[in-house]
Each structure stands twice: as C-alpha cells, then as structure tokens.
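Asker: following is a predicted model, sequence given first.
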Amino acid sequence: MIKANKQILSTIQFNCGDNNLNEFLLKDSFKNLENSLSKIIIYIIFIKIIIRRFNYGN
C-alpha cells in the first residue's frame, strides 16, 4: 500500500510541476494511511476485548 502511494505520487510529481499540489497530495495520502492504520488498531483492540469477555464467560 505504501509502495503504491509512492508510485502514484511520483507520477503525479512527474506530470504536473505544481509543488503546492504535490505537497497537498502527499500529506493527504499519508493522512489516509494514518487513518486506516488507526482504524485497524482500534478494531484489533475491540476484537481482543470481545475475546476476553467470551473467555471469562466460559
């Protein structure tokens, strides 16, 4: 996923010379990456809590 983002960003930088746009796209893609990683971490925590509750129930 990170490699794909870097490839997309490098082609965007090659195609258009607008540095502000490139910086904005770079920051935006990393924000999306951080958001997806944080969501995955939150889901893992919830799954662990649910598993613990089921184990205590048995």
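Answerer: Here it is on my side, so go on.
Asker: okay, CA-based contacts and neighbour counts for the rest of this
Answerer: Will do.
Asker: how close does Y43 sit to I50?
Answerer: Going from Y43 to I50 by CA to CA, to the nearest Å gives 11 Å.
Asker: check S36 too.
Answerer: According to CA to CA, S36 stands 21 Å off from I50.
Asker: for the lengthiest helix in the chain, packing partners?
Answerer: Identified as the longest helix of the chain according to DSSP state H is helix 19-57. Judged by 3 or more CA pairs under 8 Å, 6 or more residues apart in numbering; DSSP states H and E, helix 19-57 is in contact with helix 2-15.
Asker: mind checking the pLDDT average for the helix it packs on?
Answerer: Across helix 2-15, pLDDT averages out at 56.
Asker: then stretch 49-58?
Answerer: The predicted model assigns stretch 49-58 a mean pLDDT of 80.
Asker: E34: how many residues sit nearby?
Answerer: Neighbourhood size, E34 [other CA atoms under 10 Å]: 12.
Asker: try F30
Answerer: By the measure other CA under 10 Å, the count of residues near F30 is 13.
Asker: pLDDT score for it?
Answerer: Note on F30: pLDDT of 78.
Asker: and what of the one 10 residues further on?
Answerer: According to the predicted model, the pLDDT of I40 comes to 90.
Asker: residues contacting it?
Answerer: I40 sits next to no residue when contact means CA atoms under 8 Å, 6 or more residues apart in numbering.
Asker: what do you get if the cut-off is 10 Å, keeping everything else the same?
Answerer: Residues in contact with I40 (CA atoms under 10 Å, 6 or more residues apart in numbering) are 34, 46.
Asker: how close does it sit to K48?
Answerer: 12 Å.
Asker: same check, this time on Y56
Answerer: Counting by CA to CA, the gap from Y56 to K48 is 12 Å.
Asker: show me which of these two is the more surrounded one.
Answerer: K48 (11 against 7).
Asker: which pLDDT value goes with F46?
Answerer: Reported pLDDT for F46: 92.
Asker: residues near it, how many?
Answerer: Neighbourhood size, F46 [other CA under 10 Å]: 12.
Asker: equivalent analysis for F54, please.
Answerer: As a burial measure, F54 scores 9 neighbours (other CA under 10 Å).
Asker: just S29 next, same as before
Answerer: A count of nearby residues for S29, using other CA under 10 Å, gives 17.
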